[in-house]
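Undergrad: generate coordinates for the sequence data below:
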Amino acid sequence: MPAVHKSRTSEAIRALYDQQPEREWERLERHRTEFAVTLRSLAEHLPPPPARVLDCGGGPGRYAIELAHRGYEVTLFDLSTGCLQLAQEKATEAGVTLVAYEQGTATDLSRFPDASFDAVLLMGPLYHLLEEAERQQAIAECHRVLKPGGPLFAAFISRYAAPRWAAAHEPTWPLEHPELTEMVLTTGVLPPRGESDAEFVAYFAHPTEVVPLCQREGFEAITVLGVEGLVSMIEDGVNALSGEAWEVWLDLNYRLAADSSIHGCVEHLLVVAVKPLWRAVLCQIARQLDEAGLAYKVVAGAAAALHGVPLPVKDLDIETDAEDAYRFQALFADHVVEPVALCENETLRAEPQGEAYRSHFGRFDFDGVAVEVIGDLHRREGERWVSTGARTETTVDLDGVPVRVSWLEEEILAYVRRGRLDRAAQCLPHCDHDRLLAL
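TA: Predicted coordinates for the structure are as follows:
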C-alpha cells in the first residue's frame, strides 16, 4: 500500500476513535459476553499479579483498568489521544493507577526495551492494519517487548463479521455495495472510502490465517477463541441475564469458544499464544556450547520446530558424542536433574515396541524447560549395537544465535521408524523432497 494510503488509513482510524471514545468504552457493556469471555481467558493465561502488562491498542482502557483492579502493573498504549484521555478519567473514577498512558502505533513499540513486559494484549490494532506486513510487524514488536515464556493475547475481527452485521442491520448493503462486499469477502479489506475524515477502515481475518500469522513471528499458539461464543449477533437476551443464569451461559460460551466450528460465525477471534521459553534457553545453551567447543545437534521436536514446522515443543533433545555428554554436564552442573550415565531404553528415542536403545543419557532443567542430553546413541540390532544418532547437520538462526540441528528430512525418517506417522505428515510439507528421497 502506498505511504499516502497508509497515512490516510491511520488518520481515519485515529479520528474515528478520537471522536467516539465513550462509544468504544460502552461497546463492551453492549457486548457483555465478549468482555466476560475475554476476561476469563486473561484470568486463565496471564501470569499472577503484579506482572507487567502492555495493553497495546487498549483504547479507553476497559481491560487495562480491570487488570489494574486485579493487581497488575499496566501500561496503556493507543493510537487515539481521545481514548487515552478518557482512560485516565475512568481510571481515576475506578480508583486505580495505570503505570503509563502512551500514544503511538502498534507497528512501532521502540520506546519499550526488549523483554520488558510479562504479558502483552494486542486487542485492537490488528483490526485496522490492512497489509499483512503491517500485522506481522505489530506481532513482531509484541514478541520483542515480551519476556520469554510470556503470553500474547491477539484479537482479530473475523472475515464474515461484516456481512453478518449487514444481514442483521443493513440487509440491502450487499446490493448497494457489491464491489465492496466482494472485496471484504475475498481480501478481508474494508479500505478508506473518502466518506469522511473519520471512518471505519478494517481488516477482517479468515480464521485459518490467525495462528500462522503468530507462528511466523516466533509464537506458539495455545488456543483460538471465538469470544462471542454461541451468541454472536443474538446476544441481547443472554447479556440481560444475571446471577446463576448468566454464569451458566458464560461457562457455556467460554467452553465452546475454542471450538473451531464456530469461528467463522463470530465477530472476534482471540489468539492466546506464548513466546516460547525454550527458544531463549536454547540460545543460552548454544552460545555456551559453541564457546566451549562442544559438538552437538538439536534433534526431535525442537529440530522440526527450528525448521519451521508449527509444533509445540515440550522439551529439548540434544545429541552429542559420549565424551561431550559429560562435558555438557560439567558445563551446566547447576541444572542437573539426572546425571549423565550409560543406560539402555532411557532416551527420548526409546520406543514401546520392544526396541533397545543405549546412550550416555542425562536430564537437565533450565528455568522449567526440560533438556535431555543423548550421548552416542545406539540401537540394538540382533546381537550388536548400531549407531543411530543423527548423521546430518545444518545451522539455523535462532533469534540471532546459530544453532546446530539435524536435517528435517532425517527427523521425518526417524518419526517413520518410530511409528510417528502423524508427526512425519506434519513435517512433510516443510521438507526438501529430493533430499528426503536421497536419505
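Undergrad: domains in the chain, as residue ranges please.
TA: 3-275, 278-438 (automatic domain parsing).
Undergrad: hey, least reliable of the ones you listed by pLDDT?
TA: Per-segment mean pLDDT for those reaches its minimum on domain 278-438, at a mean of 91.
Undergrad: determine how far that one lies from the middle of the whole chain.
TA: 24 Å (Cα atoms, centre = their mean, to the nearest Å).
Undergrad: from start to finish, how long is that domain in a straight line?
TA: 32 Å (Cα to Cα, to the nearest Å).
Undergrad: show me the contacts for the closest residue in space to residue 105 that isn't next to it in sequence.
TA: Using Cβ to Cβ, 6 or more residues apart in numbering and skipping the chain neighbours, the partner closest in space to residue 105 is residue 79 (5.9 Å). From N, CA and C alone the C-beta is placed, and that goes for glycine too. Contacts for residue 79 were tallied using Cβ atoms under 8 Å, 6 or more residues apart in numbering; they are 10, 13, 14, 17, 57, 103, 104, 105, 106, 125.
Undergrad: just the buried residues out of those, in PyMOL syntax.
TA: Per 16 or more other Cβ atoms under 10 Å, the buried members of those correspond to this PyMOL selection:
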select buried, resi 10+13+14+17+57+105+106+125
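Undergrad: please narrow the contacts of residue 79 to those residing in strands.
TA: residue 103 (DSSP state E).
Undergrad: now render the contacts of residue 79 as JSON lines, adding distance to residue 372.
TA: Conversion of those to JSON lines gives the following (distance: Cβ to Cβ, whole Å):
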{"residue": "10", "distance to residue 372": "49"}
{"residue": "13", "distance to residue 372": "49"}
{"residue": "14", "distance to residue 372": "51"}
{"residue": "17", "distance to residue 372": "50"}
{"residue": "57", "distance to residue 372": "40"}
{"residue": "103", "distance to residue 372": "47"}
{"residue": "104", "distance to residue 372": "43"}
{"residue": "105", "distance to residue 372": "43"}
{"residue": "106", "distance to residue 372": "39"}
{"residue": "125", "distance to residue 372": "40"}
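Undergrad: list the contacts of residue 158.
TA: 204, 205, 207, 226, 263, 264, 265, 266, 267, 268, 269.
Undergrad: what sits against the nearest residue to residue 94 once chain neighbours are set aside?
TA: Of all residues beyond its chain neighbours, the one nearest residue 94 is residue 65 (5.3 Å), with distances taken as Cβ to Cβ, 6+ apart. Residue 65 makes contact with 87, 90, 91, 94, 96, 98, according to Cβ under 8 Å, 6+ apart.
Undergrad: buried stuff in whatever helix or strand residue 65 lives in?
TA: Here residue 65 sits within helix 62-69, counting by DSSP states H and E. Applying a neighbour-count criterion of 16+ other Cβ under 10 Å, one finds 62, 63, 64, 65, 66, 67, 68 buried in helix 62-69.
Undergrad: what's the closest of those to residue 110?
TA: Distances from residue 110 to the buried residues of helix 62-69, taken as Cβ to Cβ, are shortest for residue 64 (20.9 Å).
Undergrad: the spatially most central residue of the chain: which element?
TA: By Cα atoms, centre = their mean, the chain has its centre lying nearest to residue 273, at 2.8 Å. Secondary structure assignment for residue 273, by DSSP H and E: strand 268-274.
Undergrad: what are the pairing partners of that strand, and which direction each?
TA: Strand pairing for strand 268-274, using DSSP bridges, gives strand 151-158 (antiparallel), strand 220-226 (antiparallel).
Undergrad: what sits up against it?
TA: Contacts of strand 268-274 (Cβ under 8 Å, 6+ apart): 34, 38, 41, 45, 123, 149-158, 161, 205, 207, 210-211, 214, 219-228, 263.
Undergrad: what of stretch 212-219?
TA: With Cβ under 8 Å, 6+ apart, stretch 212-219 has contacts from 132, 135-136, 139-140, 142-143, 152, 154, 205, 221, 271, 273-276, 279, 310, 399.
Undergrad: show the buried residues in those residues.
TA: For these, buried by 16+ other Cβ under 10 Å: 135-136, 139, 142-143, 152, 154, 205, 221, 271, 273-276, 279, 310.
Undergrad: just flag the most distant two among these.
TA: 205 and 279 (25.3 Å).
Undergrad: before we move on, back to that, check the buried residues of helix 62-69 and tell me the two furthest apart.
TA: 62 and 68 (11.2 Å).
Undergrad: which of the contacts of residue 79 fall within helices?
TA: Under the assignment DSSP state H, the contacts of residue 79 contribute 10, 13, 14, 17 to helices.
Undergrad: farthest-apart pair in those residues, please.
TA: Most distant of these, by Cβ to Cβ, are 10 and 17, 11.2 Å apart.
Undergrad: name the residues of stretch 410-421 that come out as buried.
TA: 410, 411, 412, 414, 415, 418, 420.
Undergrad: got a list of contacts for the host helix or strand of the fourth one?
TA: If I follow you right, that is residue 414. Taking DSSP H and E as the definition, one finds residue 414 inside helix 408-417. The contact list for helix 408-417 (Cβ under 8 Å, 6+ apart) reads 299-300, 303-304, 307, 309, 349, 390-392, 421, 423-424, 427-428, 430-432, 435-436, 439.
Undergrad: check which element follows that helix along the chain.
TA: Counting by DSSP H and E, what follows helix 408-417 is helix 421-427.
Undergrad: which helices and strands does whatever helix or strand comes next after that following helix pack with?
TA: Following helix 421-427 in sequence order, the next helix or strand is helix 433-438 (DSSP H and E). Other helices and strands packing on helix 433-438, by 3 or more Cβ pairs under 8 Å, 6 or more residues apart in numbering; DSSP states H and E, are helix 408-417.
Undergrad: what angle sits between the helix holding residue 65 and strand 151-158?
TA: 160 degrees (axes from the mean of the first three to the mean of the last three Cα atoms, to 10 degrees).
Undergrad: so how far is helix 62-69 off the chain centroid?
TA: On Cα atoms, centre = their mean, the centre of helix 62-69 falls 22 Å from the chain's centre.
Undergrad: can you check stretch 60-73 too?
TA: On Cα atoms, centre = their mean, the centre of stretch 60-73 falls 22 Å from that of its chain.
Undergrad: the longest strand along the chain pairs with which strands, parallel or anti?
TA: For the chain, the strand with the greatest residue count under DSSP E is strand 369-381. Strand 369-381 has these partner strands in its sheet, going by DSSP bridges: strand 315-320 (parallel), strand 357-366 (antiparallel), strand 384-387 (antiparallel).
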